[in-house]
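Peer 1: okay, predicted coordinates and the sequence, questions at the end:
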Amino acid sequence: MERAPAKLSGPSTGCTTWCRPSGSPHPETVGGAHDWDRSKRRAFQNDALIALTARGHGATVVTANRGDFDILGKRLGVAILRVGPAA
């Protein structure tokens with residue numbers, strides 16, 4: 001059975017802010033809560049894209065990056081398999 005892709009909002013729906021699938025953490029909100037600098041927020045945003053892609057395909061993310069993916073796993077409901085040393 002094939003999963004339907006997540007529906008994204010966009011210009012045709014009148015979205016005027018950073019649009020994302022429902023329930024995904026906004027990097028500014030998460031970054032502000034952790035007092036991250038701009039570089040760390042950008043890295044977290046890239047990790048969020050990986051997690052959202054995995055969730056969309058029903059896949060598990062395999063990573064040693066426990067910090068970011070612990071947050072993303074809980075907030076997005078994506079399966080995370082932690083390997084190697086804590087990062």
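Peer 2: Nice, thanks for sending it over.

Peer 1: buried sites along the helix of greatest length in the chain?
Peer 2: With secondary structure taken from DSSP state H, the chain has its longest helix at helix 38-57. Residues of helix 38-57 classed as buried: Arg41, Phe44, Gln45, Asp47, Ala48, Ile50, Ala51, Leu52, Ala54, Arg55 (neighbour count, 16 or more other CB atoms under 10 Å). Using the backbone N, CA and C atoms, a C-beta is placed for each residue, glycine as well.

Peer 1: okay, now the closest residue to Gly84 other than its chain neighbours: neighbour count?
Peer 2: Nearest non-adjacent residue to Gly84, counting by CB to CB, 6 or more residues apart in numbering: Ala64, 3.7 Å away. Using other CB atoms under 10 Å, Ala64 has 11 neighbouring residues.

Peer 1: return the distance of Ala64 relative to Leu52.
Peer 2: 20 Å (CB to CB, to the nearest Å).

Peer 1: follow-up on the earlier one: give me the phi and psi angles of the residue nearest to Gly84.
Peer 2: Torsion angles at Ala64 (phi, psi; degrees, to the nearest 10) stand at phi -100, psi 0.

Peer 1: which strands or helices does the helix or strand harbouring Lys74 pack on?
Peer 2: Taking DSSP states H and E as the criterion, Lys74 maps to helix 66-76. If contacts are counted by 3 or more CB pairs under 8 Å, 6 or more residues apart in numbering; DSSP states H and E, helix 66-76 sits against helix 38-57, strand 61-63, strand 80-82.
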